[in-house]
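Asks: Sequence unavailable; structure follows:
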Ligand SMILES: Cc1cc2nc3c(=O)[nH]c(=O)nc-3n(C[C@H](O)[C@H](O)[C@H](O)COP(=O)(O)OP(=O)(O)OC[C@H]3O[C@@H](n4cnc5c(N)ncnc54)[C@H](O)[C@@H]3O)c2cc1C
């Protein structure tokens, strides 16, 4: 990003292998997602001053919250070998299950999708090789997880992606919730209703503590709902204000999932679009 005298003046990007500069007549809107937006902010000198200095980036604006508070939904795929019978279709988004527990009355604590394929991590597939025909139940635990990750600069080269530290399971309550989510997936997958389709449970196929511990470590994955790395607020770690404008920099807005203070208690596409629509309304109304 091009910054001049505390103001976003434009952007620089690579096109056809060449750097191109675009100057902003009014303002710059970053909409690069919860991984890309903090990376560009940091590379432009907006972020935690200690972090920026150690990365060799001249500090333009000290905003310690940039890249912090990486919030996400945590996926724990459990797999079954499928019987040689036609699977019900469509199986993915049309078969969704939300359920709660006593921790947040009135709000779902878990969600689960079904995939007619081995939708598991490489580590989990190494531990439990997927059979030729299988289905996966994919619960997400604690839709408001306690663990928070961080996005950091891995390089000053804009073509090198940032380093993502998910920090999954840093909060012990997330582990408790993960075990509860896996128990529900196993109950559903091994139920009488699914018996015509399920030949045998492949993973985790056990409630033994050491098996489950290793299973969780290998199976844990993102549900791709990354949010919160340039969050809205007025406190020290907030990055944007209620008009999505970056604190301390003129002419710079963020309009993507990184402004959400918490990941939403469901999928994140619709909330991200709402952020974009609100940004468009404020920009066209000239609200600076
Ligand atoms: C595989 C997958 C499946 C998903 N399924 C669902 C679903 O079923 N339902 C649902 O609600 N949500 C789903 N999501 C989540 C949803 O897509 C995101 O929450 C939402 O798109 C976030 O919007 P955003 O604007 O923050 O970022 P994005 O939609 O990720 O947009 C950011 C854009 O910026 C670009 N970008 C990033 N860095 C740079 C850079 N340095 N230079 C140029 N361009 C850059 C990216 O390529 C991307 O096009 C899914 C996400 C993934 C990855």
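Replies: Arrived safely. Everything numeric here is computed off the predicted structure, so don't read it as measured data.
Asks: and the residue of the stretch 101-250 of the chain found nearest the ligand, how many neighbours?
Replies: Minimum separation of the stretch 101-250 of the chain from the ligand (Cβ to the nearest ligand atom) falls at residue 224, amounting to 3.3 Å. Just so you know, the C-beta spots here come from the backbone N, C-alpha and C atoms, and that holds for glycine as well. Neighbour count for residue 224, taken as other Cβ atoms under 10 Å: 11.
Asks: Over to residue 228?
Replies: 24.
Asks: was I right about it contacting residue 261?
Replies: Yes: contact criterion Cβ atoms under 8 Å: residue 228 and residue 261 qualify, at 6.5 Å.
Asks: for the protein, what spans make up the helices?
Replies: Remark: helices assigned in the chain by DSSP state H are 33-43, 49-55, 122-127, 172-189, 209-219, 269-284.
Asks: what bridges to residue 15?
Replies: residue 18 (DSSP bridges).
Asks: let's have the chain start at 473 instead
Replies: New numbering, starting at 473: the last item is residue 487.
Asks: how close does residue 561 sit to the ligand?
Replies: The gap separating residue 561 from the ligand is 17 Å, by Cβ to the nearest ligand atom, to the nearest Å.
Asks: what about the closest residue to that residue other than its chain neighbours, neighbour count?
Replies: Nearest in space to residue 561, with sequence neighbours left out and distances taken as Cβ to Cβ, 6 or more residues apart in numbering, is residue 588 at 7.9 Å. Residue 588 has 18 neighbours, counted by other Cβ under 10 Å.
Asks: Could you pick out the residues of the protein near the ligand for me?
Replies: 503-506, 508, 512, 696-697, 728-729, 739-742, 744 (Cβ under 6 Å from any ligand atom).
Asks: nearest to residue 612, of those residues?
Replies: residue 697 (8.4 Å; Cβ to Cβ).
Asks: pLDDT score for that closest one?
Replies: In this model, residue 697 is scored at 97, pLDDT.
Asks: what residues are up against it?
Replies: Neighbouring residues of residue 697 by Cβ atoms under 8 Å, 6 or more residues apart in numbering: 544-545, 729, 735-736, 739-740.
Asks: One more pass at 10 Å, please.
Replies: 506, 543-547, 612, 615, 729, 732, 735-736, 738-741, 743-744 (Cβ atoms under 10 Å, 6 or more residues apart in numbering).
Asks: can you tell me how far the residue nearest to residue 721 when sequence neighbours are not counted sits from the ligand?
Replies: With Cβ to Cβ, 6+ apart as the criterion, residue 721 has its nearest non-adjacent residue at 5.6 Å, and that residue is residue 533. Distance from residue 533 to the ligand, counting by Cβ to the nearest ligand atom: 19 Å.
Asks: ok, how many other residues are close to residue 533?
Replies: So residue 533, with other Cβ under 10 Å, has 20 neighbours.
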